[in-house]
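**Student:** Generate a structure from the sequence data that follows.
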Amino acid sequence: VTMNLQMEYCGLLVRAKYAEKLKTVPEYSTDLISFVQGGGTIATLLSQVMAAFIIQNYGTRYVFAICVLPAMLPLYPATTNLLQEKPKKDSKCCGIATNTMKHGRKYLYLCLFMGVEAVFLMCLGMASNSMFRCIMGLIASVLLSIGFLLLTHKMIAKVAIFFLFICICSLSNSGAEYYFYTDTPEQYPEGPHFSAMFYLTARSFVRSSGLVLGMWVFNRYLRNSKYKTAYLIGI
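**Tutor:** Numbering: from 1, shown residues only. Below you'll find the model as predicted:
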């Protein structure tokens with residue numbers, strides 16, 4: 001929970017800042033997005049290589065121990081206002097905030113509903129068979145789509161439902177894949193028996209290289225294309 005909270009906190013700070021910059025320099029919007037996403041991809045690659053080396057030589061616990069201090073670094077720009085936020089001290093500020101909170105209750109209800117659904121599906125995953133989990137997951141997705149349509153703006157609801165559909169169609173086998181590639185000959189004789197170091201570094205390098213190449217192609221050839229066109233080419 002704390003790891004996800006920290007990642008969302010950092011993501012919110014970064015997205016808020018570059019969304020502000022997109023308004024001031026819209027002609028460089030694609031360059032800025034490519035820079036942010038490319039930097040995040042390279043940082044992810046470096047962190048995974050370091051994590052693989054630490055796991056291979058020292059064990060998994062040292063990965064979390066080493067990350068404690070770097071995880072505190074985002075507190076510095078937030079507490080020292082390096083993001084250059086301008087506080088509002090006029091009398092209208094509180095009135096605007098109160099009005100926003102009144103209209104934002106429906107979003108709070110939607111967040112609470114999503115949280116209840118997530119906890120329910122997590123508990124369901126530990127106490128039922130796969131077919132029943134699949135059916136309940138589809139029902140939860142339909143209810144969540146209805147919640148977006150009823151509680152948010154139509155434009156927001158359409159985008160959210162679209163990405164929800166994309167997530168449903170994206171099946172993940174990362175857990176089983178890791179054990180298939182890294183099991184020892186005693187555990188799985190027919191497997192490739194890669195080391196954890198090789199699996200994490202090689203896989204991360206190929207994935208990150210593909211992401212960087214895709215961002216370069218987008219920024220070089222599709223920067224003036226519509227979203228639908230760029231997305232269909234990506235598919």
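
**Student:** Phe194: neighbour count?
**Tutor:** Neighbourhood size, Phe194 [other C-beta atoms under 10 Å]: 16. Heads up, the C-betas are built off the backbone N, CA and C, glycines and all.

**Student:** Contact partners for it?
**Tutor:** Tyr181, Thr182, Ala202 (C-beta atoms under 8 Å, 6 or more residues apart in numbering).

**Student:** which stretches of this protein have low pLDDT?
**Tutor:** Residues of the chain meeting the criterion pLDDT under 70: 1, 87-103, 127-128, 234-235.

**Student:** if we can go back for a sec, would you turn the contacts of Phe194 into a markdown table with distance to Ser209?
**Tutor:** Listed next are the contacts of Phe194 as a markdown table, based on distance: C-beta to C-beta, whole Å:
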| residue | distance to Ser209 |
| --- | --- |
| Tyr181 | 19 |
| Thr182 | 21 |
| Ala202 | 11 |
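
**Student:** Kindly write the PyMOL command that selects the buried subset of these.
**Tutor:** Filtering these down to the buried ones (16 or more other C-beta atoms under 10 Å) takes a single PyMOL command:
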select buried, resi 181+182
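
**Student:** Filter the contacts of Phe194 down to the ones in strands?
**Tutor:** Per DSSP state E, strands hold no members of the contacts of Phe194.

**Student:** from the contacts of Phe194, which single one is nearest Pro26?
**Tutor:** Checking these against Pro26 with C-beta to C-beta, the nearest one is Ala202 at 39.1 Å.

**Student:** ok, back up a step: quick one: which of the contacts of Phe194 is nearest Leu32?
**Tutor:** For the contacts of Phe194, the closest approach to Leu32 (C-beta to C-beta) belongs to Ala202, at 30.7 Å.

**Student:** What segments of the protein are helices?
**Tutor:** Taking DSSP state H as the test, the helices found in the chain are 2-24, 29-57, 61-72, 75-79, 92-103, 105-125, 130-151, 154-169, 174-182, 196-221, 227-234.

**Student:** I'd like the ones you listed as a markdown table, with distance to Lys86 appended.
**Tutor:** Listed next are these as a markdown table, based on distance: least, C-beta to C-beta, whole Å:
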| stretch | distance to Lys86 |
| --- | --- |
| helix 2-24 | 11 |
| helix 29-57 | 21 |
| helix 61-72 | 26 |
| helix 75-79 | 15 |
| helix 92-103 | 11 |
| helix 105-125 | 25 |
| helix 130-151 | 31 |
| helix 154-169 | 27 |
| helix 174-182 | 42 |
| helix 196-221 | 31 |
| helix 227-234 | 31 |
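
**Student:** Among those, which comes closest to Glu190?
**Tutor:** Ranking those by distance to Glu190, with C-beta to C-beta as the measure, places helix 174-182 first at 9.5 Å.

**Student:** Kindly format the C-alpha coordinates of that closest one as PDB.
**Tutor:** C-alpha atoms of helix 174-182 as PDB (Å, rounded to 0.1, in the frame of the first residue of the first chain):
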ATOM      1  CA  SER A 174       4.200 -12.200 -15.700                       C
ATOM      2  CA  GLY A 175       4.100 -14.300 -12.500                       C
ATOM      3  CA  ALA A 176       4.000 -17.700 -14.300                       C
ATOM      4  CA  GLU A 177       6.500 -16.400 -16.900                       C
ATOM      5  CA  TYR A 178       9.100 -15.600 -14.200                       C
ATOM      6  CA  TYR A 179       9.000 -19.100 -12.700                       C
ATOM      7  CA  PHE A 180       9.000 -20.700 -16.100                       C
ATOM      8  CA  TYR A 181      12.200 -19.000 -17.100                       C
ATOM      9  CA  THR A 182      14.000 -19.100 -13.800                       C
END
